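J.: I would like to see how this sequence folds:
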Amino acid sequence: MKKSLSIILIISLSLTFLMISIENNAYNKSYYIKSYYKYNIENETGKDINELGKITDNIIVYLKGKGNDGILSPYFNEREVLHMRDVQTLFRYERIAKYIFGIISIIIMGYFGYRKENALLGKTLSLGLFANHVVLLALILLIISSDFNKYFTIFHQIFFSNDLWLLNPETDLLIQMLPEQFFIGMAMKIGLSFLIYLSILQIVGIYYIKKGREKWKE
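T.: Here you go, the predicted structure:
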């Protein structure tokens, strides 16, 4: 049972902090603005940085589920708004899953704490999460060294049941504002954030391993 709980904890913690990493970066207006300057989005869209900033504010509010289609429709056409509605739904499911996996993680860690299984908790956090580092680094290298568009397309085919995400860069503002390079950078930032969270958890794990050893010596 302990082994099963350890595996569940590794999975639930990993998914919880992956989703936190996604949210932190998807809601980070600063990254959007920096990318607008970097990729010369003002020229691409014909809109100045102040207007782009206002549109970005509305996008972030919408992704958080705090706004309806009306906050996007002044800027985007019907197809773009319908796609963003799908994205908003995806983020809503992501938030629900984050809370579920977070609660599962807290319950299991609380159980280990109640049973005074400090060493087991420590090993789960430090050694168990190490595999995630390896997998994540491999994925980041894959993104850097291969065709990002291929995996971006696969992602959309998995998570969206329609082709509304296929936008026209000549006419659709959404893809003009958020080109492929934007999402490559976003993926890298999410991966880096996730690595940092995993590293912190591993440090906590090492602490609990030492705590468990000290108890055993007593």
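
J.: Okay, now the unreliable bits of this structure?
T.: Applying pLDDT under 70 to the chain flags residues 128-134, 141-145, 211-218.

J.: Tell me which stretches of it form helices.
T.: For the chain, the helices defined by DSSP state H cover 2-26, 29-38, 41-45, 49-63, 78-114, 118-123, 130-145, 148-159, 173-177, 180-217.

J.: burial of I154, as a residue count?
T.: For I154, the neighbour count with other Cβ atoms under 10 Å is 10. From N, CA and C alone the C-beta is placed, and that goes for glycine too.

J.: what's it in contact with, if anything?
T.: By Cβ atoms under 8 Å, 6 or more residues apart in numbering, I154 lies in contact with nothing.

J.: Give me the distance between it and I190.
T.: I154 is 17 Å from I190, where distance means Cβ to Cβ, to the nearest Å.

J.: same thing with I200?
T.: Counting by Cβ to Cβ, the separation of I200 from I190 is 16 Å.

J.: before we move on, what about I20?
T.: I20 is 10 Å from I190, where distance means Cβ to Cβ.

J.: Comparing those two, which residue is more hemmed in?
T.: Using other Cβ under 10 Å as the criterion, I20 and I190 rank with I190 on top: 21 against 16.

J.: circling back to that earlier point, minimum distance to I71: which of the helices of the chain has it?
T.: Closest approach to I71 among the helices of the chain is made by helix 49-63 (4.5 Å; Cβ to Cβ).

J.: and the angle from the closest one to helix 29-38?
T.: Interaxial angle, helix 49-63 versus helix 29-38 (axes from the mean of the first three to the mean of the last three Cα atoms, to 10 degrees): 140 degrees.

J.: packing partners for helix 49-63?
T.: Helices and strands touching helix 49-63, by 3 or more Cβ pairs under 8 Å, 6 or more residues apart in numbering; DSSP states H and E, are helix 29-38, helix 41-45, helix 78-114, helix 173-177.

J.: Quick one: neighbours of I184, just the number.
T.: By other Cβ under 10 Å, 15 other residues sit near I184.

J.: do the same with the one 10 residues further on
T.: The number of residues packed near F194 is 23, by other Cβ under 10 Å.

J.: hmm, back to that, burial-wise, tell me which of the helices and strands packed on helix 49-63 comes out on top.
T.: helix 173-177 (a mean of 20; mean count of other Cβ atoms under 10 Å).

J.: and for that one, what are the contacting residues?
T.: 36, 41, 44-45, 52, 55-56, 75-77, 80, 83-84, 167-169.

J.: Swap in 10 Å and give it another go.
T.: The contact list for helix 173-177 (Cβ atoms under 10 Å, 6 or more residues apart in numbering) reads 32, 35-36, 39, 41, 43-47, 52, 55-56, 59, 72, 75-77, 79-81, 83-84, 87, 165-170, 182.
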